[in-house]
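**Q** coords below, sequence missing:
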């Protein structure tokens with residue numbers, strides 16, 4: 001995984017973010033310059049988040 005700048009997220013990216021000190025894997029369903037819609041991949045309903053509120057984002061890179 002590589003650490004990504006949140007503004008460079010694209011639909012289809014698989015990311016890991018920290019929520020309440022716990023790593024959560026999510027699929028980026030839609031990304032704009034300001035917001036993302038994330039599917040947390042754990043059965044929860046997809047969520048909308050502002051990019052500036054995500055904090056550190058680790059993006060899965062299959063080439064690594």
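**A** Alright, I've got the coordinates. Please read these numbers as outputs of a predicted model, since none were measured by experiment. Residues are numbered from 1 along each chain as shown.

**Q** Next, the buried residues of the longest strand anywhere in the chain.
**A** In the chain, assigned by DSSP state E, the strand with the most residues is strand 22-31. Under the neighbour-count criterion of 16 or more other Cβ atoms under 10 Å, strand 22-31 has 26, 27, 28, 31 buried. C-beta here means a position set from N, CA and C on the backbone, and glycine is covered the same way.

**Q** Residue 46: what's it in contact with?
**A** By Cβ atoms under 8 Å, 6 or more residues apart in numbering, the contact set of residue 46 is 29, 37, 38, 39, 40.

**Q** Which residue lies closest in space to it, excluding its sequence neighbours?
**A** Spatially, and ignoring its direct neighbours in sequence, residue 46 is nearest to residue 39 (4.7 Å; Cβ to Cβ, 6 or more residues apart in numbering).

**Q** hang on, isn't the one you found packed against residue 26?
**A** Yes: Residue 39 is within contact range of residue 26, at 6.1 Å (criterion: Cβ atoms under 8 Å).
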